[in-house]
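Colleague: here is a sequence with its predicted model. Questions after.
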Amino acid sequence: MKTAVTDGVFPGGVLLVSQKREILFHEAYGKADIFSGSQIMVNTVFDLASLTKPLATTLAVMKLEEQHKLTLEQTLGEIIDRFRGRETAGITVRQLLSHTSGLPAYKPYFERIRSIPEHNRKKEFRELLVREELINPAGQKTLYSDIGFMMLCWIVETVSGKRLDHFVRDEIYEPSSLQELFFVDLMEQKVQETPGQFAATEKCPWRKKVITGEVHDDNAFIVGGIDGHAGLFGTAREVGRLLLMLQGLFHGHPENGILAPKTIRKYFTKYKGDARVLGFDTPDPVDSSCGHYFSPKTIGHLGFTGTSFWMDLEKEVNVILLTNRIHPTRENVRIRAFRPIIHDMVMKNI
């Protein structure tokens, strides 16, 4: 980790390793902000980027299914009236979670709506979702899609009657005493940060500042900081506590009863040949970012800002790597080569 900072892989980061219930390693390295010089601490808050998908949106869907308010086979058209009669109406919740919806990977919606008043942006943003077209027939191909998780956010909010951040706070995080996992609501709150509290991300050309304490993802930013594909912030410690809870549930330990073990096992198991489990990623068969030593029963996810976690359900090992690799620019992609190296080093020394 020290070498990675010195070599410019990222300005700073936190590495946390746990096995069973024990934290084996939890250390911080480098700078939270290269311009202010503030240091990364073990309790520095990171923009978790796409870790939002498994650690917020997917958990929300799990909870709604347990509450008998939603099923995996329900379709967009059945849940949200605006999709009825559209090409996308038949996409199921399962297909959205497994990235087999046939939707495109990404669209820069923010470019089309950043010039309109803030209070109208979310409505217009969702009109763009309604008008989105398939690029593959639903259910036939796996293509990782931000857009699918934007639609899942809308589903969660429609079914629960609450905004996504409020639902996961009330149903998952607060009952689990997870106070360091949260969304930053840009429409209502201005974060009062102390130096180094948040790891800085990119120097944004159109926001004209170094982004700190607000979501980096442009599409999430334009709708106020909260969406299903990005927007979650957190510390390595709190991500680790959540993973330990999920791992315990998978192995049949009810913990605090927030989710049932059978629900966790269903979502953490591949379905009928799907390339991914529901809402989470699995290691690539070749050149995986988690290296060579995790078992086949491993799930995890990567985040664009330089974040990741891998959870080996067989060995009961969790590795959480949170960095600010896009600070000050996303052009720095050295983390791609670094990730398997650090994971191999961890696994060989456990």
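Modeller: Alright, I've got the coordinates. These numbers were taken from a predicted model, which means no experiment stands behind them. Residues are numbered from 1 along each chain as shown.
Colleague: element containing residue 318, please.
Modeller: Using DSSP states H and E, residue 318 maps to strand 317-323.
Colleague: please pull up the helix or strand immediately following that strand.
Modeller: Proceeding N to C from strand 317-323, the next assigned helix or strand is helix 335-348, under DSSP H and E.
Colleague: next, the angle helix 335-348 makes with the strand holding residue 318.
Modeller: 150 degrees (axes from the mean of the first three to the mean of the last three Cα atoms, to 10 degrees).
Colleague: average pLDDT across strand 317-323?
Modeller: Here strand 317-323 scores 98 as its mean pLDDT.
Colleague: repeat for stretch 282-301
Modeller: 95.
Colleague: quick check: buried residues in it?
Modeller: Across stretch 282-301, burial judged by 16 or more other Cβ atoms under 10 Å covers 282, 283, 288, 289, 290, 291, 293, 294, 298, 299, 300, 301. Placement of C-beta: from N, CA and C, glycine included.
Colleague: tell me who's in contact with the residue most central in space within the chain.
Modeller: Nearest residue to the geometric centre of the chain (Cα atoms, centre = their mean): residue 51, 1.7 Å. Going by Cβ atoms under 8 Å, 6 or more residues apart in numbering, residue 51 touches 232, 234, 239, 301, 303, 307, 308, 309.
Colleague: again, but for residue 108
Modeller: So residue 108 contacts 218, 219 (Cβ under 8 Å, 6+ apart).
Colleague: element containing it, please.
Modeller: When elements are assigned from DSSP H and E, residue 108 belongs to no helix and no strand.
Colleague: the strands in the stretch 1-150 of the chain, which residues?
Modeller: Per DSSP state E, counting those that start in this stretch, the stretch 1-150 of the chain carries strands over the ranges 12-19, 22-30, 46-47.
Colleague: looking at those strands, which is buried most?
Modeller: Of all these, strand 46-47 has the most neighbours on average by mean count of other Cβ atoms under 10 Å, namely a mean of 30.
Colleague: just to revisit the earlier point, what's the closest of the contacts of residue 51 to residue 327?
Modeller: residue 307 (12.4 Å; Cβ to Cβ).
Colleague: could you spell out the sheet neighbours of the strand holding residue 318, each with its direction?
Modeller: strand 12-19 (antiparallel), strand 307-312 (antiparallel) (DSSP bridges).
Colleague: show me where the stretch 101-250 of the chain has its helices.
Modeller: Using DSSP state H, counting those that start in this stretch, the helices assigned to the stretch 101-250 of the chain run over residues 110-113, 118-130, 146-160, 164-168, 218-222, 236-250.
Colleague: columns distance to residue 88 on top of these, output as a markdown table?
Modeller: A markdown table is the format used below for the helices of the stretch 101-250 of the chain (distance: least, Cβ to Cβ, whole Å):
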| stretch | distance to residue 88 |
| --- | --- |
| helix 110-113 | 18 |
| helix 118-130 | 8 |
| helix 146-160 | 8 |
| helix 164-168 | 20 |
| helix 218-222 | 18 |
| helix 236-250 | 30 |
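Colleague: ok, which of the ones you listed comes nearest residue 187?
Modeller: That would be helix 118-130 among these, by Cβ to Cβ, at 6.7 Å.
Colleague: run through the neighbouring helices and strands of that closest one.
Modeller: Contacts defined by 3 or more Cβ pairs under 8 Å, 6 or more residues apart in numbering; DSSP states H and E place helix 118-130 against helix 110-113, helix 146-160, helix 218-222.
Colleague: try 6 Å
Modeller: helix 110-113 (3 or more Cβ pairs under 6 Å, 6 or more residues apart in numbering; DSSP states H and E).
Colleague: would you mind writing the CA trace of the helix it packs on as PDB?
Modeller: The C-alpha trace of helix 110-113 is given here as PDB (Å, rounded to 0.1, in the frame of the first residue of the first chain):
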ATOM      1  CA  PHE A 110     -26.600  14.700 -17.000                       C
ATOM      2  CA  GLU A 111     -25.500  16.500 -20.100                       C
ATOM      3  CA  ARG A 112     -29.100  16.800 -21.200                       C
ATOM      4  CA  ILE A 113     -30.600  18.000 -17.900                       C
END
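Colleague: so residue 226 sits right up against residue 183, yeah?
Modeller: Yes - counting by Cβ atoms under 6 Å, residue 226 does reach residue 183; the two are 4.8 Å apart.
Colleague: OK, contacts around residue 232?
Modeller: Applying Cβ atoms under 6 Å, 6 or more residues apart in numbering to residue 232 gives the contacts 48, 52, 56.
Colleague: what is the neighbour count of the closest residue to residue 18 other than its chain neighbours?
Modeller: Of all residues not flanking residue 18 in the chain, residue 318 sits nearest, at 4.8 Å (Cβ to Cβ, 6 or more residues apart in numbering). Residue 318 has 25 neighbours, counted by other Cβ atoms under 10 Å.
Colleague: how far away is the residue located most distally from the centre of the chain from residue 230?
Modeller: What lies farthest from the middle of the chain is residue 85; by Cα atoms, centre = their mean that is 30.6 Å. According to Cβ to Cβ, to the nearest Å, residue 85 stands 29 Å off from residue 230.
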